[in-house]
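Q: Provide a 3D model corresponding to the input given below.
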Amino acid sequence: MQRPGKIVCVGRNYRAHAKEMGNDVPAEPLLFLKPPSSVIGGGEAIMLPADAGRVDFEGEIGVVVGAILRRATEEEASRAIRGIVAANDVSARDWQKKDGQWARAKGSDTFLPLGLEAPVPRDHSTLEVVTRHNGVERQRASASEMVFPIPFLLSYVSRYITLEPGDVLLTGTPAGVAQLAPGDTVEVEVVGLSRVSNPVMAGG
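A: The predicted model follows:
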């Protein structure tokens, strides 16, 4: 897909993942950004920085925005969804803890594999994300398990950040994240819609 103008992400949007990371579920969506320069496509390598320490995969459902959203209602936000993409929110855990904010940990080059954009199903709650690490299924969850559903997330983001056509919203990862190593392959699929598979290599 074409590189997004911006990528807005939601942390801890599945209770089981918040628990596995030792965090509470936030009372409001926890937002952060990934830069467009972090995006790669299927088949491109995720590069592990030499000084990053532990780097995890995080399979997610990505939502592509199709209209300008500014202080939108949930109904307006739902109608503005243009497409769905498989996404991998690659995350350097040591940097995440050390830095106090997540720009480097989440936004480094190659830290956002995105699949091809697919049409939007009528019922967003039926979307299902699956992550396979070296062929072994590690994550599987439905959008119905999200703490904050997709239309609410888009509406909430649009209160503070104007969303524009082509922007992508990452909706959070379910439980089952694990560490990547050189030589691995990680695949994220939004079942029946979009898939992205990437090799993992050691970086500089």
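Q: Which parts of stretch 57-69 count as buried, going by neighbours?
A: For stretch 57-69, a neighbour-count test (16 or more other C-beta atoms under 10 Å) marks 57-66, 69 as buried. Every C-beta, even on glycine, is put in place using the N, C-alpha and C of the backbone.
Q: Ok, stretch 146-155 next?
A: Those would be 146-151, 153-155, for stretch 146-155 by 16+ other C-beta under 10 Å.
Q: quick one: contacts of the worst-scoring helix or strand of the chain on mean pLDDT?
A: Sorting the helices and strands of the chain by mean pLDDT, DSSP states H and E puts helix 15-20 at the bottom, at a mean of 78. Residues from elsewhere that reach helix 15-20, judged by C-beta atoms under 8 Å, 6 or more residues apart in numbering: 12, 24-25, 141, 145, 147, 172-177.
Q: so where is this structure shaky, pLDDT-wise?
A: 1 (pLDDT under 70).
Q: In it, where's the longest helix?
A: Criterion DSSP state H: the longest helix present in the chain is helix 150-160.
Q: Which elements pack onto the next helix or strand after it?
A: Per DSSP states H and E, the first helix or strand lying C-terminal to helix 150-160 is strand 168-170. Judged by 3 or more C-beta pairs under 8 Å, 6 or more residues apart in numbering; DSSP states H and E, the packing partners of strand 168-170 are strand 7-11, strand 59-65, strand 81-88, helix 150-160.
Q: can you redo those as CSV with distance to Ala45?
A: Below are the helices and strands packed on strand 168-170 laid out as CSV (distance: least, C-beta to C-beta, whole Å):
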stretch, distance to Ala45
strand 7-11, 19
strand 59-65, 17
strand 81-88, 12
helix 150-160, 30
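Q: Of all the residues in the following helix or strand past the least confident helix or strand of the chain, which ones are buried?
A: Of the helices and strands lying after helix 15-20 in sequence (DSSP H and E), the nearest is strand 30-34. Residues of strand 30-34 classed as buried by neighbour count (16+ other C-beta under 10 Å): 30-34.
Q: Parallel or antiparallel, list what pairs with strand 30-34.
A: strand 7-11 (antiparallel) (DSSP bridges).
Q: what's the offset of the strand it pairs with from the middle of its chain?
A: 7 Å (C-alpha atoms, centre = their mean, to the nearest Å).
Q: Contacts for that strand next, please.
A: Contacts of strand 7-11 (C-beta under 8 Å, 6+ apart): 26, 29-36, 38-39, 89, 106, 112, 148, 153, 157, 161, 163, 167-172.
Q: hmm, 6 Å instead?
A: 29-30, 32, 34, 153, 157, 168-172 (C-beta atoms under 6 Å, 6 or more residues apart in numbering).
Q: sorry, back to before: then the least confident helix or strand of the chain to CSV, C-alphas only?
A: Presented in CSV, the C-alpha positions along helix 15-20 are these (Å, rounded to 0.1, in the frame of the first residue of the first chain):
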residue,chain,number,x,y,z
ARG,A,15,-6.8,-6.8,28.4
ALA,A,16,-4.7,-10.0,28.1
HIS,A,17,-1.8,-8.2,26.4
ALA,A,18,-1.8,-5.5,29.1
LYS,A,19,-1.7,-8.2,31.7
GLU,A,20,1.2,-10.1,30.1
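Q: Cheers, nothing more for now.
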